[in-house]
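> Sequence and computational prediction follow.
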Amino acid sequence: LSRIALFTSGGDAPGMNAAIRAVTRAAIAANLEVIGIRRGYQGMIEGDFQPLYASDVSGIIHLGGTMLRTARSNAFRTPEGRSRAYEQLKNAAIDAVVVIGGDGSFRGAQEMSQEYPVSFVGIPATIDNDMYGTDYTIGFETALNTVVEAVDKIRDTARSHGRIFFVEVMGREAGQLALHSGIACGAEVILIPESNAEGGKLHDFLKHGYKNKESSGIVIVAEGDESGGAMKIAERVRLDHPELEVRVSILGHIQRGGNPTADDRINATRMGVAAIEALLAGEKNIMIGIARDKIVQVPFKIAVKLCHRIDEQLLDIQRLMNI
Ligand code: F6P
């Protein structure tokens with residue numbers, strides 16, 4: 001192994017830059033040449049490559065977003081797209097690649113490695129925290145803190161006016177951000193795609209809990225919840241309970257930006273180093289993860305197949321806090 005490439009792909013996540021820095025420097029320390037691929041798989045197809053030296057990644061560990069930029073590439077989903085991507089890698093003499101992203105990114109890597117002789121090692125980076133086999137994905141902690149800060153502010157208004165707020169957080173298929181932020185903010189109800197029992201909790205809260213407490217209500221809604229999102233559910237609640245003052249806040253992409261927390265930076269650095277160690281050891285088609293605070297290697301097919309399950313205990317705790 002004499003040269004590796006790396007790229008970020010899918011939704012950006014705070015801490016991706018810290019991972020880019022770690023991969024680049026660990027590779028250079030092992031006497032490898034490093035090529036950065038810009039704009040994810042799309043840039044791979046177009047040959048948008050740049051050599052990376054240790055100094056190119058200075059001053060980025062604390063920045064959100066990704067210096068290599070990112071994309072969701074439709075072209076790469078086609079055999080023609082992957083064939084063009086492979087030609088570009090071959091021309092640049094690259095046969096080992098670190099992919100920093102979420103499940104869609106790893107599915108793409110898995111597919112390409114079945115068709116062409118390219119070794120991929122993945123680093124999980126998504127604010128959704130929905131990869132199987134790792135307790136943690138880069139960006140989750142930062143996004144969680146962003147949500148908590150925002151909801152704390154919303155709570156001030158909710159309490160002052162005695163209102164119920166439906167706050168929508170990101171997570172098309174995953175309720176991790178909703179569940180964790182809900183606990184941290186003392187939300188009265190959380191609605192997540194992984195559990196349909198919570199709808200009943202909302203009903204109970206609106207009927208009894210709210211009146212008893214005569215205070216405020218925060219309902220955290222994961223965007224992928226079956227209710228159809230905060231707007232829809234608030235509309236229904238307004239009809240059923242005209243006596244309540246209902247408001248909606250959709251937090252949106254502020255959740256994806258901002259400087260990564262210390263833990264996101266540290267874990268990104270640990271995983272970046274581990275990814276290079278894995279490639280040097282001849283590993284391929286694996287995701288680096290952190291489980292019980294230890295670095296682990298998870299085959300792509302397991303990491304992407306089984307969605308990260310919700311911790312039922314956390315869900316119970318959330319309910320217990322709202323007796
Ligand atoms: O996967 C990360 C994520 O932020 C999801 O939580 C969200 O559903 C999606 O990306 C939004 O994607 P985009 O920024 O491409 O609209």
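Nice, I can see it.
> Show me what from the protein comes close to the ligand.
G11, R72, G102, T126, I127, D128, M170, G171, R172, E223, R256 (Cβ under 6 Å from any ligand atom). Yep, even glycine has a C-beta here, placed from its N, CA and C like the rest.
> tally of neighbours for the second one?
Okay, so that is R72. By the criterion of other Cβ atoms under 10 Å, R72 has 15 neighbours.
> can you pull the pLDDT of the closest residue to it other than its chain neighbours?
Computed as Cβ to Cβ, 6 or more residues apart in numbering, the closest residue to R72 that is not its neighbour in sequence is G10, at 6.2 Å. Note on G10: pLDDT of 96.
> ok, now which ones touch G10?
G10 makes contact with G40, T70, R72, G101, G102, G104, S105, T126, according to Cβ atoms under 8 Å, 6 or more residues apart in numbering.
> mind running it again at 7 Å?
Taking Cβ atoms under 7 Å, 6 or more residues apart in numbering, we find G10 in contact with T70, R72, G101, G102, G104, S105, T126.
> which two in the residues you listed are spaced the farthest apart?
Distance extremes for the contacts of G10: the farthest pair is R72 and T126 at 12.3 Å, using Cβ to Cβ.
> Could I get the phi/psi values of I35?
phi -120, psi 130 (degrees, to the nearest 10).
> Isn't it up against I94?
Yes: in this structure, I35 is within contact of I94 by Cβ atoms under 7 Å, at 6.1 Å.
> overlap in contacts of the two?
Taking Cβ under 7 Å, 6+ apart as the criterion, I35 and I94 both touch R3, A5.
> same question for whichever strand or helix holds I190, mean pLDDT?
Per DSSP states H and E, I190 falls inside strand 189-191. What strand 189-191 shows for mean pLDDT is 96.
> how far away is the residue of the stretch 1-150 of the chain found nearest the ligand from L280?
The stretch 1-150 of the chain approaches the ligand most closely through G11 (3.6 Å), counting by Cβ to the nearest ligand atom. Remark: distance between G11 and L280 (Cβ to Cβ, to the nearest Å) = 29 Å.
> These two: which has the busier surroundings?
Taking other Cβ under 10 Å, G11 and L280 do not tie; G11 has more neighbours (21 against 15).
> how about the CA coordinates for stretch 107-125, as PDB?
Extracted in PDB, the C-alpha atoms of stretch 107-125 (Å, rounded to 0.1, in the frame of the first residue of the first chain):
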ATOM      1  CA  ARG A 107     -23.800   0.700   0.700                       C
ATOM      2  CA  GLY A 108     -22.200   2.400  -2.300                       C
ATOM      3  CA  ALA A 109     -18.700   1.300  -1.100                       C
ATOM      4  CA  GLN A 110     -19.900  -2.200  -0.700                       C
ATOM      5  CA  GLU A 111     -21.400  -2.300  -4.100                       C
ATOM      6  CA  MET A 112     -18.300  -0.900  -5.800                       C
ATOM      7  CA  SER A 113     -16.000  -3.300  -4.000                       C
ATOM      8  CA  GLN A 114     -18.000  -6.300  -5.300                       C
ATOM      9  CA  GLU A 115     -17.500  -5.100  -8.900                       C
ATOM     10  CA  TYR A 116     -13.900  -3.700  -8.700                       C
ATOM     11  CA  PRO A 117     -10.700  -4.300  -6.800                       C
ATOM     12  CA  VAL A 118     -10.900  -1.400  -4.400                       C
ATOM     13  CA  SER A 119     -10.600  -1.700  -0.600                       C
ATOM     14  CA  PHE A 120     -12.900   0.500   1.400                       C
ATOM     15  CA  VAL A 121     -12.800   1.300   5.100                       C
ATOM     16  CA  GLY A 122     -15.600   3.400   6.500                       C
ATOM     17  CA  ILE A 123     -15.900   5.900   9.300                       C
ATOM     18  CA  PRO A 124     -19.400   6.500  10.500                       C
ATOM     19  CA  ALA A 125     -20.400  10.200  10.400                       C
END
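> neighbouring contacts of that stretch?
Here stretch 107-125 makes contact (Cβ under 7 Å, 6+ apart) with 13, 15-16, 19, 41, 76, 82, 85-86, 89, 95-102, 106, 131, 134, 137-139, 271-272, 275, 278-279, 283-289, 300-301, 304.
> just checking, which of the residues you listed belong to strands?
A96, V97, V98, V99, I100, G101, I286, M287, I288, G289 (DSSP state E).
> Quickly check those residues for the two that are furthest apart.
A96 and G289 (19.1 Å).
> which other helices and strands contact the strand holding I190?
helix 176-185, helix 198-204, strand 217-222 (3 or more Cβ pairs under 7 Å, 6 or more residues apart in numbering; DSSP states H and E).
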